[in-house]
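S.K.: fold the following and give me the result.
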Amino acid sequence: MKTSSIPIPMYHYISAWENPISVHPDIFEEHLRTFTHKGYRGIGLDDALAYLRDGITPPGLKSNERPLLITFDDGFLDNYVHAWPLLKKHGHKAIIFAVTGLIEFGEPRPTMEDVWNGTISRDDIPRVDTPIYKDSLGYDCRKDNFMNWKEIRLMEESGIIDVQAHSHLHASVFVSNNYDGFYAPGVRSRTFDRILGEIPWGMPRFEEGPALQNRAFIPSDEFIELLRNELPEDKAACDAYFRDPDKVLQLEKAMHSMPIAKWGRTEEADEFRKRIREELTLCRDTLAQNTGRVPVAMCWPWGKYSADAHRIGRELGFQLFFATSMGANPPGSTQHIHRFKARARSASWMAQRLAIYSRAWLANLYAKVRI
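M.R.: Model prediction:
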């Protein structure tokens, strides 16, 4: 079957956790059945590269099948526990884009396949559905579990999963000295909330943006020292500090006793390029050292990147660049590959997306209407 565009769904969590980017394993399996029923086959990295670069139809497809590229972002443990066995069960392949700085070390853990085989009970698989915990002050905080390198090697050796690059840190940077509030003990609701640089308690919540897209606003040593002198270092004492409105006013007064021009500076262009090169090189080399295979695909965190990051990525050997924007993926579209968010929706919803994104003209029209 001919296709003018390859549909590329973007998954994150495959778990029972209720979250906008989480898909329950039962719904994910329903999606996999839909792919098969509608004549689509999830392909691997090499076939995706051949199609997206040269328009070569994957040789392993049957005459009545179309290519589909299933992707997962971040490298969460549930991709190993739930998604990998289900992909294997239904005969589909996929790519996981891993944040290499968060991949763990250790021995392989059991998966749902072990439960199906009767080796273990369901209670013995890793708990991947509860990433929220209480910190020492009683605040809800989020800490996700990630795959480890031995698990990644098992998935790659199976031929079902290819693991590729999603940066090393998945971090943000400050982009200006405009701020709204302060960094203080409290609820942590985001997984990827890291800001590059030193962030002491009391740091203003400066405007931020993706680290691979933006030159950073760098707070000065003098400004950071001012904050350290003003606030207690102990977490509980700092929490009490921010519960007192007078203390917060005192902090703002201390900050504004320093000229705003001395709060920090904007990263120079050559510093930005050096930082980007170091980040992408570390991601590439970490994957190569731990998998034995140099990655060729980069998925930009949040789908955001700069012209410098794109150029440096190409210089480092990356050939496929995945974003998070909707649109068509005809042959020749290697430099900005569109994807659509796979939601916890029905088989009919997924079937409609396959019909849209397998037709280039319709995928582009739908993207414009949705935007």
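S.K.: so for the host helix or strand of Met255, mean pLDDT?
M.R.: Using DSSP states H and E, Met255 sits within helix 245-256. Over the span of helix 245-256, the pLDDT mean works out to 96.
S.K.: the next helix or strand after it packs against which elements?
M.R.: Once the chain leaves helix 245-256, the next helix or strand it forms, by DSSP H and E, is strand 264-266. When contacts are defined as 3 or more C-beta pairs under 8 Å, 6 or more residues apart in numbering; DSSP states H and E, strand 264-266 packs onto strand 217-219. C-betas here are computed from N, CA, C, even on glycine.
S.K.: what's the next secondary structure element after the strand it packs on?
M.R.: Going down the chain from strand 217-219, the next helix or strand is helix 221-230, by DSSP H and E.
S.K.: tell me how far the longest helix seen in the chain is from the chain's mean position?
M.R.: Ranked by residue count, the top helix of the chain under DSSP state H comes out as helix 269-291. Averaging C-alpha positions (C-alpha atoms, centre = their mean, to the nearest Å) puts helix 269-291 16 Å from its chain's average.
S.K.: packing partners for it?
M.R.: helix 149-158, strand 161-165, helix 307-315.
S.K.: which of those is buried the deepest?
M.R.: Among the helices and strands packed on helix 269-291, strand 161-165 has the highest mean neighbour count (mean count of other C-beta atoms under 10 Å), at a mean of 26.
S.K.: circling back to that earlier point, so the helix holding Met255 versus helix 221-230, what angle?
M.R.: Computed by axes from the mean of the first three to the mean of the last three C-alpha atoms, to 10 degrees, the angle separating helix 245-256 from helix 221-230 equals 160 degrees.
S.K.: can you give me every residue that contacts Trp361?
M.R.: 4, 328 (C-beta atoms under 8 Å, 6 or more residues apart in numbering).
S.K.: list the buried residues of the strand or helix carrying it.
M.R.: Here Trp361, judged by DSSP H and E, is contained in helix 360-370. If you call a residue buried by 16 or more other C-beta atoms under 10 Å, then helix 360-370 has these buried ones: 360, 363-364, 366-367.
S.K.: could you do stretch 87-104 as well?
M.R.: Residues 87-88, 90, 92-103 are the ones in stretch 87-104 that count as buried (16+ other C-beta under 10 Å).
S.K.: any chance you could map the helices in the protein?
M.R.: Ranges of helices in the chain, per DSSP H, are 25-37, 45-54, 77-78, 84-90, 112-116, 149-158, 221-230, 235-242, 245-256, 269-291, 307-315, 347-357, 360-370.
S.K.: report pLDDT for Ser4.
M.R.: Looking at Ser4, its pLDDT reads 89.
S.K.: same check on Met1?
M.R.: Met1 is given a pLDDT of 54.
S.K.: ok, longest strand in this protein?
M.R.: Criterion DSSP state E: the longest strand present in the chain is strand 172-182.
S.K.: skipping its backbone neighbours, what lies nearest Asp114 in space?
M.R.: Closest residue to Asp114 apart from its sequence neighbours, by C-beta to C-beta, 6 or more residues apart in numbering: Ile120 at 4.9 Å.
S.K.: contact partners for Pro330?
M.R.: Neighbours of Pro330 in contact, by C-beta under 8 Å, 6+ apart: 4-5, 55, 360.
S.K.: mind checking how far it is from Leu45?
M.R.: Noted for Pro330: a distance of 19 Å to Leu45, by C-beta to C-beta, to the nearest Å.
S.K.: picking that back up, most tightly packed of the helices of the chain?
M.R.: Across these, the average number of neighbours (mean count of other C-beta under 10 Å) peaks for helix 77-78, which reaches a mean of 27.
S.K.: which outside residues touch it?
M.R.: 13-15, 109, 126, 128-129, 144-147.
S.K.: just the ones in strands from these, please.
M.R.: Residues of the contacts of helix 77-78 located in strands (DSSP E): 13-14.
S.K.: and which of the contacts of helix 77-78 is nearest to Gly181?
M.R.: Closest to Gly181 out of the contacts of helix 77-78 is Asp144 (24.3 Å), distances taken as C-beta to C-beta.
S.K.: what is the neighbour count of that closest one?
M.R.: 19 (other C-beta atoms under 10 Å).
S.K.: wait, it touches Pro131, no?
M.R.: Yes - here Asp144 reaches Pro131: they are 4.8 Å apart, a contact under C-beta atoms under 8 Å.
S.K.: pull up the overlap in contacts between these two.
M.R.: Common neighbours of Asp144 and Pro131, using C-beta under 8 Å, 6+ apart, are Thr191.
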